[in-house]
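coordinates only, sequence not included:
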């Protein structure tokens, strides 16, 4: 009996611990990326190297089990996924990070569901029925997310701890706020990256319907995105020295980001989705805000602002409100399907009579 209870506890605890660890690792890598970008590494070069290494790691998973009559169509999909999800979204995000801070990455990342909802409504891919409580909930979540994002851009508030009263005992090893700070520009770039990620999510859904091998899709679009990002970086970075790497923190962060993004996080997310459902992974996304806020308050108090933390928290509330509305909508759909399945045998019996 105790063994069964222990197994049940572990079944609930292990996925939760893994997802928390994924969010902590994501914030940690974002802080490391902010540090090396502030030290001079080009964000465009960083995107190329991380995705090139990811392509190598993902190559064994690319089975290319694709029917010939769908090959051309899928290659087009992979090219589009690589362009939107890697070339556009990642370059915008890392350039935005070089101008702002990880808390902006968390806050703007939380508005992706709201942007997806707006895009789906514009494209008439979802029904906007104001009489439906789920639709009203999603609209409320969208409004909250937008308010949080706008306040993140316009209001930063005072720092957690004044640098004049803070005794620095050692040189700062890591950077939270970009040294070449352009806050508004960074926030706008992150918002554009969130828009690109929203479009990428829509395209990805259609692609996986045609090619269910998730790792094959990831490997293919990463490879195409690497090629496209290389072309962009060659155009933007005219200095050949910008491509030179040394055995320092920059190389370490590139390797860690590639391994984590291509292998670890993908497999953990897939494992958790199989065991806990599709909404389980998404519910941990706003956890990045308190994690980043904790890091900011403890280790970067002289460059971390109250307003940024509160605005990012508002976007997190909007995110959860959106997810609540989406779950209610899915439950309503399942209820209608179950009701139709229950009525079908009765209708068959009536026809026989």
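Okay, I see it. Keep in mind that what you see is a predicted model, and the values were worked out from it rather than measured.

How is residue 301 assigned, secondary-structure-wise?
coil (DSSP: H, G, I helix; E, B strand; the rest coil).

Mind pulling the model confidence for it?
For residue 301, the model assigns a pLDDT of 87.

Check the contact between it and residue 161; I expect there is one.
Yes. Residue 301 is within contact range of residue 161, at 3.7 Å (criterion: Cβ atoms under 8 Å). Quick note: C-beta positions are derived from backbone N, CA and C, even for glycine.

residue nearest the centroid of the protein?
residue 109 (6.0 Å; Cα atoms, centre = their mean).

next one: phi and psi at it?
The phi/psi pair for residue 109 (degrees, to the nearest 10) reads phi -70, psi -30.

ok, now how distant is it from residue 162?
From residue 109 across to residue 162, the span is 29 Å (Cβ to Cβ, to the nearest Å).

Kindly report the same for residue 290.
The gap separating residue 290 from residue 162 is 23 Å, by Cβ to Cβ.

Just give the closest residue to the residue nearest to the centre of the chain, not the sequence neighbours.
Closest residue in space to residue 109, ignoring its immediate chain neighbours: residue 194 at 6.4 Å, by Cβ to Cβ, 6 or more residues apart in numbering.

what's the answer for residue 251, then?
residue 245 (5.2 Å).

Can you name the next helix or strand after the helix or strand where residue 15 lies?
Using DSSP states H and E, the element containing residue 15 is helix 2-38. Toward the C-terminus, helix 2-38 is succeeded by helix 43-58 as the next helix or strand (DSSP H and E).

Would you indicate which residues of that next one are buried?
43-55, 58 (16 or more other Cβ atoms under 10 Å).

Same check on stretch 229-239?
229-230, 232-233, 237.

just for the chain, where's the confidence low?
1-10, 63-72, 163-172, 334-353 (pLDDT under 70).

What's the separation between residue 94 and residue 178?
11 Å.

Those two: which has the busier surroundings?
Per other Cβ atoms under 10 Å, whichever of residue 94 and residue 178 has more neighbours is residue 94, with 25 against 21.

Can you tell me the element that one falls in?
Assigned by DSSP H and E, residue 94 falls within helix 89-99.

which residues touch that helix?
30, 33-34, 37-38, 43-44, 46-47, 51, 104-105, 108, 178, 180-183, 185-190, 192-193, 196-197, 200, 225, 229, 232 (Cβ atoms under 8 Å, 6 or more residues apart in numbering).
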